[in-house]
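Asker: Sequence and predicted structure below; questions after.
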Amino acid sequence: MKSPDGRFRMSDRAKPRPTEYKSVPTMHYHGHRERLRARLRENPEGLADYETLELLLAQVLPRRDTKPLAKELLRRFQSVKGALDAKPAELMTLKGFGPALSDAWLLWREILARYAESAPRRHETLASPEEVARMAKARLAGQDREEVWLAFVDAQNRLLAWEKGQKGSIDEAAFYPREILERALTLKASGFILVHNHPGGKAAPSGADLEATKRLQEAARTVDLRFLDHLIVTADESFSIMGDRRL
């Protein structure tokens, strides 16, 4: 109805309703996650393995309940180490494990590898081949192909460089003595340790490993370089060819 002045009165029009805000429900896992974080701050070693993985996964998936995936990771790979060392292709078969988590896994693994390498990178003396083996296991865990890595040292066995040589196939990685020796001379190294991995296998050397080591040993002598060891590593084991005195 119009008022005498021809305008509509407010009562004759649809009055705007006050804005209604629906409350956002708190997901059931939020309180649980906060309690886990409180326990982490108070007593980290008191967390169960699946709980540590649950919190780690939540860094990438904050809006998801990550407990089921954490438990599935442990069921499938048996331990936290097994889960972190798992191959990307294996991880991607798990329900809920997508590209974002795969990228995060690679980043966490890289951080662990650099942590293992940090002391030798400060040019500290390598007291034994086992120190290089520890670096190599952290670096090569979960790799599905063989890789060659080299630790070049000075006369006091201080690390000058820790570098990848060649990447090969599932069961073979070639290395070329000339390239290794040229790199050692460029770095003015006094010696080097060769490392390669056996993905998913045993650390024991094959006949081809022994023959290749012998050729490299002979080549190193011609340029007065110390070939200190050839190490073979898996996720859990390491084998020293020189220490085993097979040559």
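Answerer: Structure received. Numbers count the residues shown, from 1 in each chain.
Asker: gap between Leu74 and Arg33?
Answerer: Remark: distance between Leu74 and Arg33 (Cβ to Cβ, to the nearest Å) = 18 Å. The way it works is simple: take the backbone N, C-alpha and C, and place the C-beta from them, glycine included.
Asker: Lys214 now?
Answerer: Distance of Lys214 to Arg33, computed by Cβ to Cβ: 56 Å.
Asker: which of the two has more neighbours?
Answerer: Neighbour count, other Cβ atoms under 10 Å: between Lys214 and Arg33, Arg33 has more, with 18 against 14.
Asker: which residues sit in contact with the more buried one?
Answerer: Under the criterion of Cβ atoms under 8 Å, 6 or more residues apart in numbering, the neighbours of Arg33 are 54-55, 58.
Asker: quick check, it in a strand?
Answerer: No - counting by DSSP: H, G, I helix; E, B strand; the rest coil, Arg33 is not part of a strand but helix.
Asker: Quick check, pLDDT for it.
Answerer: With respect to pLDDT, Arg33 scores 84.
Asker: which non-adjacent residue is nearest Arg139?
Answerer: Ala113 (4.4 Å; Cβ to Cβ, 6 or more residues apart in numbering).
Asker: check contacts around that neighbour.
Answerer: Each residue near Ala113 by Cβ under 8 Å, 6+ apart is listed here: 135, 138-139.
Asker: What ranges does this structure have for its strands?
Answerer: Taking DSSP state E to define them, one finds strands in the chain at 147-153, 159-167, 191-197, 226-233, 238-240.
Asker: Domains in the chain, by residue range?
Answerer: Per automatic domain parsing, the domain ranges recorded for the chain read 28-97, 124-240.
Asker: quick one: terminal-to-terminal distance for stretch 41-53?
Answerer: For stretch 41-53, the first-to-last residue distance is 15 Å (Cα to Cα, to the nearest Å).
Asker: Flag the shaky bits of the protein, pLDDT-wise.
Answerer: 1-29, 119-123, 127, 166-173, 245-247 (pLDDT under 70).
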